[in-house]
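K.L.:
Fold the following for me, if possible:
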Amino acid sequence: MLIEVNLPRLSDTLDESLITFWHVSEGDPVEKGDTLVEVQTEKAVSEIEAPESGVIKEIRKKRGETAAVGDVLAVIETAAAAADSPREQEKAEGEKKAEGETAEERGVPEVPVEKKATPRVKKLAKELGVDWRLVTPTGPNGKVTEEDVRNAAKQREDEKQPNRFVKAAPSVRKFAREHQVNLEEVTPTGPKGRILKSDVDAVIAKRRSEQAEAEKETKAGKEPGRDFPQSRRRIPLTGIRRAIANAMVHAKSTIPHVTHFDEANVAKLVEHRQRMKAFAAEEGIKLTYLAYAVKALTAVLKKYPMLNASIDDEREEIIVKEDYHIGFAADTERGLVVPVIRHADQKSLFQIAKEIQALAEKARNGSIKADEMTGSTCTISNIGSTNGAWFTPIINHPESSILGIGRIEKKPVVVDDSIEIAPMMALSLSYDHRLIDGVLAQKALNDLKKYLSEPDLLFVR
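P.N.:
Residues are numbered from 1 along each chain as shown. Here you go, the predicted model:
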């Protein structure tokens with residue numbers, strides 16, 4: 001039986017994916033659940049698994065090609081189909097004739113019929129980039145051991161294969177191709193040997209420097225001012241940058257934005273975080289102001305549900321959401337992505353901080369999944385980490401509001417008729433004026449300021 005492996009719909013908003021890496025080749029045996037291929041959407045990397053056990057009969061989409069939802073990526077020939085094929089029947093007849101012959105008489109070494117490996121060994125093989133099915137087993141009953149996998153990995157490194165797999169995101173590979181940079185000659189600086197865009201930029205910069213030096217020597221003595229060549233290059237608008245561009249245009253052209261600017265005295269928040277940091281660190285958690293902002297925003301959304309709503313334009317209805325899934329903008333080498341903290345109202349401060357830390361790391365290394373970046377009901381954009389203050393954040397359509405967090409800066413403020421120096425946090429709240437009036441928006445912003453100024457209130461409700 002021949003089974004087609006189709007590209008599934010990985011996101012409600014995405015219709016195509018880029019084939020980034022095949023874990024198998026034509027003719028390879030696979031088991032049900034084995035990872036066949038990695039595909040890159042405009043936001044995340046996903047793995048496609050084998051729906052049945054069998055042999056890879058055909059690979060329809062090569063690495064670097066784009067596939068639409070429903071396209072056939074590969075064809076698997078199951079054991080039943082393989083047994084019925086003329087090639088297998090001929091093979092079976094040959095085996096029948098050779099019955100009674102020993103392995104030594106046939107001139108081949110005796111090997112186990114089927115190699116075996118524990119999940120731990122398979123995981124190690126995947127981490128080291130080794131196909132465990134091709135490893136010579138030394139364990140009992142044909143089992144591949146961890147030592148077998150490590151030896152195979154070491155042998156591969158020793159051989160210094162020129163066509164080794166280079167770890168790099170599709171956008172980095174495309175960027176390298178556009179500038180004719182061989183990734184195998186680039187020194188990686190990313191996690192686990194991953195090549196970053198900055199690594200490719202370093203090679204390009206070095207090349208340009210060398211070219212400029214050569215041109216300087218060639219053009220020595222040329223009279224300046226005779227011509228004015230324009231230096232420019234064109235970059236295809238693809239991947240995450242295209243998704244961001246389309247989303248921003250759609251949001252701005254659909255939603256009538258209004259933004260309120262304010263600031264909060266966060267002296268008590270700074271002190272509270274300082275006290276809690278050590279306890280968080282004991283659990284391996286980095287406690288940031290963003291975690292407090294998520295908790296404060298959730299409390300505000302519960303009181304002002306229109307900030308946690310959206311408009312169904314087709315039915316002309318307002319959808320008030322009773323779940324509180326908070327997205328937060330994360331800047332990565334590939335562009336801006338928005339991981340989502342689900343059911344933030346049901347989580348503690350430390351749980352929120354831990355989830356922010358884990359999702360941000362996934363976003364940076366490119367392992368975040370599409371379903372970890374969908375379904376947010378309200379979003380936070382934090383430019384305080386880059387020393388920004390007020391700005392006009394664009395609403396993440398179809399949401400009705402977005403909170404912008406700026407830097408914390410010491411300023412003179414009036415407290416009880418006296419001037420004091422206090423840490424002030426810049427706040428920017430953009431909202432959909434179709435749903436939210438200015439008075440309601442400012443009331444919500446006032447409550448947000450209250451929670452950030454008196455953080456103990458977040459833990460008594």
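K.L.:
Share the number of residues neighbouring the residue nearest to residue 307 when sequence neighbours are not counted, please.
P.N.:
Leaving aside its chain neighbours, residue 307 sits nearest to residue 401 (4.4 Å; criterion: C-beta to C-beta, 6 or more residues apart in numbering). To be clear about C-beta, it is placed using only N, CA and C from the backbone, and glycine gets the same treatment. Per other C-beta atoms under 10 Å, the neighbour tally for residue 401 reads 27.
K.L.:
give the contact list for residue 401.
P.N.:
Contact analysis of residue 401 by C-beta atoms under 8 Å, 6 or more residues apart in numbering lists 307, 308, 378, 395, 429, 430, 431, 432, 436, 441.
K.L.:
partner residues bridging residue 6?
P.N.:
Beta-bridge pairing for residue 6 (DSSP bridges): residue 72.
K.L.:
Would you agree it is in contact with residue 68?
P.N.:
No. Residue 6 is not in contact with residue 68 according to C-beta atoms under 8 Å; the separation is 10.1 Å.
K.L.:
So for these two, which sits in the more crowded spot?
P.N.:
residue 6 (16 against 9).
K.L.:
Could you check how far that one is from residue 76?
P.N.:
To residue 76, residue 6 is 12 Å away according to C-beta to C-beta, to the nearest Å.
K.L.:
And the strands in the stretch 151-300 of the chain?
P.N.:
Using DSSP state E, counting those that start in this stretch, the strands of the stretch 151-300 of the chain run over 257-265.
K.L.:
ends of stretch 303-313, how far apart?
P.N.:
Stretch 303-313 has an end-to-end distance of 25 Å (C-alpha to C-alpha, to the nearest Å).
K.L.:
ok now that stretch, how far from the chain's centre?
P.N.:
Distance of stretch 303-313 from its chain centroid, counting by C-alpha atoms, centre = their mean, to the nearest Å, is 28 Å.
K.L.:
what does that stretch contact?
P.N.:
For stretch 303-313, contacts defined as C-beta under 8 Å, 6+ apart pick out 300-301, 317-322, 324, 377-378, 398-401, 431-432, 434-436, 440-441, 443-444, 447.
K.L.:
Can you point out the buried residues in that stretch?
P.N.:
304, 306, 307, 308, 309, 310, 311 (16 or more other C-beta atoms under 10 Å).
K.L.:
out of these, which are inside strands?
P.N.:
Counting by DSSP state E, these place 309, 310, 311 in strands.
K.L.:
could you dump these to TSV with pLDDT?
P.N.:
TSV is the format used below for those (pLDDT from 0 to 100):
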residue	pLDDT
309	97
310	96
311	95
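K.L.:
Specify which member of these is nearest to residue 199.
P.N.:
Of all these, residue 310 has the smallest distance to residue 199: 40.5 Å, by C-beta to C-beta.
K.L.:
count of neighbours near the nearest residue to that closest one once chain neighbours are set aside?
P.N.:
What sits nearest to residue 310 in space, not counting adjacent residues and going by C-beta to C-beta, 6+ apart, is residue 398, at 4.0 Å. By other C-beta under 10 Å, the residues close to residue 398 number 17.
K.L.:
Can you tell me the SS state at residue 398?
P.N.:
At residue 398 the chain is in coil, as set by DSSP: H, G, I helix; E, B strand; the rest coil.
K.L.:
Residue 415 reaches residue 424, doesn't it?
P.N.:
No. Residue 415 is beyond contact range of residue 424, at 11.7 Å (criterion: C-beta under 8 Å).
K.L.:
Buried among the contacts of stretch 303-313? Make that a ChimeraX selection.
P.N.:
Only the buried entries of these go into this ChimeraX selection, using 16+ other C-beta under 10 Å:
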select :300,301,321,324,377,378,398,399,400,401,431,432,435,436,441,444,447
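K.L.:
Take the contacts of residue 401 and keep only those in strands.
P.N.:
Judged by DSSP E, these include 378, 429, 430, 431, 432 as members of strands.
K.L.:
Now for the chain, the helix or strand with the poorest mean pLDDT.
P.N.:
helix 86-97 (a mean of 50; mean pLDDT, DSSP states H and E).
K.L.:
Next secondary structure after it?
P.N.:
Next along the chain after helix 86-97, taking DSSP states H and E as the criterion, comes helix 119-128.
K.L.:
could you dump that following helix to CSV, C-alpha only?
P.N.:
C-alpha atoms of helix 119-128 as CSV (Å, rounded to 0.1, in the frame of the first residue of the first chain):
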residue,chain,number,x,y,z
PRO,A,119,14.1,6.3,23.0
ARG,A,120,17.0,7.7,24.9
VAL,A,121,19.5,6.5,22.2
LYS,A,122,17.2,7.8,19.4
LYS,A,123,17.1,11.2,21.2
LEU,A,124,20.9,11.2,21.5
ALA,A,125,21.3,10.3,17.8
LYS,A,126,19.0,13.2,16.8
GLU,A,127,21.0,15.6,18.9
LEU,A,128,24.2,14.5,17.3
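K.L.:
Can you show me the CA trace of the lengthiest helix in the chain as PDB?
P.N.:
As assigned by DSSP state H, the longest helix anywhere in the chain is helix 197-218. Extracted as PDB, the C-alpha positions of helix 197-218 are listed here (Å, rounded to 0.1, in the frame of the first residue of the first chain):
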ATOM      1  CA  LYS A 197      22.400  36.100  10.200                       C
ATOM      2  CA  SER A 198      25.100  38.100  12.000                       C
ATOM      3  CA  ASP A 199      27.600  35.400  11.200                       C
ATOM      4  CA  VAL A 200      26.800  35.700   7.500                       C
ATOM      5  CA  ASP A 201      26.900  39.500   7.800                       C
ATOM      6  CA  ALA A 202      30.400  39.200   9.200                       C
ATOM      7  CA  VAL A 203      31.500  37.300   6.100                       C
ATOM      8  CA  ILE A 204      29.900  39.800   3.800                       C
ATOM      9  CA  ALA A 205      31.500  42.700   5.700                       C
ATOM     10  CA  LYS A 206      34.900  41.100   5.400                       C
ATOM     11  CA  ARG A 207      34.400  40.500   1.700                       C
ATOM     12  CA  ARG A 208      33.300  44.100   1.100                       C
ATOM     13  CA  SER A 209      36.300  45.400   3.100                       C
ATOM     14  CA  GLU A 210      38.600  43.400   1.000                       C
ATOM     15  CA  GLN A 211      36.900  44.500  -2.200                       C
ATOM     16  CA  ALA A 212      37.000  48.200  -1.100                       C
ATOM     17  CA  GLU A 213      40.700  47.900  -0.400                       C
ATOM     18  CA  ALA A 214      41.300  46.400  -3.800                       C
ATOM     19  CA  GLU A 215      39.300  49.100  -5.600                       C
ATOM     20  CA  LYS A 216      41.100  51.800  -3.600                       C
ATOM     21  CA  GLU A 217      44.400  50.500  -4.900                       C
ATOM     22  CA  THR A 218      43.000  50.100  -8.500                       C
END
